[in-house]
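J.: predicted coordinates and the sequence they were generated for:
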Amino acid sequence: MQYVYEKESDLVKEGDYEVTIESMEVKTLNSGKNKVQVMCRIRSDVEQAFKNRVLFDDIWEEREAPGYFNRKRMSKILGVCGATPKQEFDGLKSVIEFCEGKYVKIHVGVVFNSYSGEEENTISYYMKTQFGTKTLGGETEEQHKDDKVAVVKNDDDLPF
């Protein structure tokens, strides 16, 4: 028996997705160019397609200001992650620490990469999430904060 690998489309369809910023990492390419690579994972606790898929965004170092990465893009990410106006950060490391683990919404696009000759996903822009921290059937935990929860103090209180 012979097995043949049939490549499936690895592309996420264009649209808006709720994601978690899993990591942000500074990388230096062989060419010497620096970038912050943002790894986003499509949330599995929100009803949407492509759950748990990973998407990457590259934020490039500015040519005119080495050590700074596309400040407009970084400012937008900080805003949707919940930074307050005029909030200051002690460098890139503190920006990364602030953003990692945050829930945001992204718009995914599909573009043709002339270098590879294939279509690929891009993160077009970031938006504030419509969901809070871990959701319960599409509702945020904040919507359930006033719900009463029975606390079992000993095994005799259990119904089974």
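T.: Good, I have the coordinates.

J.: export the helix ranked longest in the chain as CSV, just CAs?
T.: Taking DSSP state H as the criterion, the chain has its longest helix at helix 71-80. Backbone C-alpha positions of helix 71-80 (Å, rounded to 0.1, in the frame of the first residue of the first chain) are rendered in CSV as follows:
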residue,chain,number,x,y,z
ARG,A,71,5.4,52.0,17.1
LYS,A,72,2.0,52.5,15.6
ARG,A,73,1.4,48.8,15.5
MET,A,74,2.8,48.2,19.0
SER,A,75,0.6,51.1,20.3
LYS,A,76,-2.5,49.5,18.8
ILE,A,77,-1.7,46.1,20.3
LEU,A,78,-1.1,47.7,23.7
GLY,A,79,-4.4,49.5,23.4
VAL,A,80,-6.5,46.4,22.7
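
J.: for it, list every residue counted as buried.
T.: Arg73, Met74, Ile77, Leu78, Gly79, Val80 (16 or more other CB atoms under 10 Å). Any C-beta I mention is one placed from the backbone N, CA and C, and that applies to glycine too.

J.: same thing with stretch 108-123?
T.: For stretch 108-123, by 16+ other CB under 10 Å, it's Val108, Asn121, Thr122, Ile123.

J.: about what we covered before: between the buried residues of helix 71-80, which is nearest Leu55?
T.: Minimum distance to Leu55 across those is 13.8 Å, recorded for Ile77 (CB to CB).

J.: can you give me the strands in the chain?
T.: Along the chain, counting by DSSP state E, strands occupy 15-28, 34-42, 54-60, 103-113, 118-128.

J.: which helices and strands sit right next to the first one?
T.: Read that as strand 15-28. Judged by 3 or more CB pairs under 8 Å, 6 or more residues apart in numbering; DSSP states H and E, the packing partners of strand 15-28 are strand 34-42, helix 92-99, strand 103-113.
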